[in-house]
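Novice: I would like to see how this sequence folds:
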Amino acid sequence: MIEIKKFSASWCAPCRMLQPVFEGLEKKVDNGVKISYIDIDENQQIAMDYGVRSVPTVVIEKDGMEMSRLTGVRSESTYLNELKSIQ
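Specialist: As a prediction, this is how the structure comes out:
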């Protein structure tokens with residue numbers, strides 16, 4: 001199972017810019033990929049456990065192991081390419 005964890009915050013402008021990218025991504029990934037949205041203000045412990053120091057941060061895991069970490073605003077194709085390299 002592949003899981004994409006998007007760490008963000010409501011006050012973060014780049015996080016809001018990334019939202020449409022993830023809406024498009026949700027339509028293109030198959031059922032074997034789960035996307036989780038984690039607000040760092042509401043889930044501070046999870047953010048600390050993952051060592052998130054800036055937002056947006058996207059962590060891609062496969063079978064519970066971190067395979068990739070991207071920070072900042074990236075294109076939809078960047079995330080799709082990361083997924084292809086992991087699968």
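Novice: neighbours around residue 44, how many?
Specialist: Per other Cβ atoms under 10 Å, the neighbour tally for residue 44 reads 11. Heads up, the C-betas are built off the backbone N, CA and C, glycines and all.
Novice: again with residue 5
Specialist: Neighbour tally, residue 5, other Cβ under 10 Å: 20.
Novice: next helix or strand past the strand or helix carrying it?
Specialist: Assessed by DSSP states H and E, residue 5 sits inside strand 2-8. Counting by DSSP H and E, the next helix or strand C-terminal to strand 2-8 is helix 13-28.
Novice: could you point out which element follows that following helix?
Specialist: Next element after helix 13-28 (DSSP H and E): strand 33-39.
Novice: what's next to that next one, contact-wise?
Specialist: Contact with strand 33-39 is made by 1-10, 22, 25-26, 29, 46-47, 83, as judged by Cβ atoms under 8 Å, 6 or more residues apart in numbering.
Novice: Show me which parts of the next helix or strand after that strand are buried, residue by residue.
Specialist: Later in the chain than strand 33-39, the nearest helix or strand by DSSP H and E is helix 44-49. Within helix 44-49, the residues that count as buried by 16 or more other Cβ atoms under 10 Å are residue 47.
Novice: Point out the other helices and strands that whichever helix or strand comes after helix 44-49 packs with.
Specialist: The element immediately downstream of helix 44-49 (helix or strand, assigned by DSSP H and E) is strand 57-62. Judged by 3 or more Cβ pairs under 8 Å, 6 or more residues apart in numbering; DSSP states H and E, strand 57-62 is in contact with strand 2-8, strand 65-71, helix 76-86.
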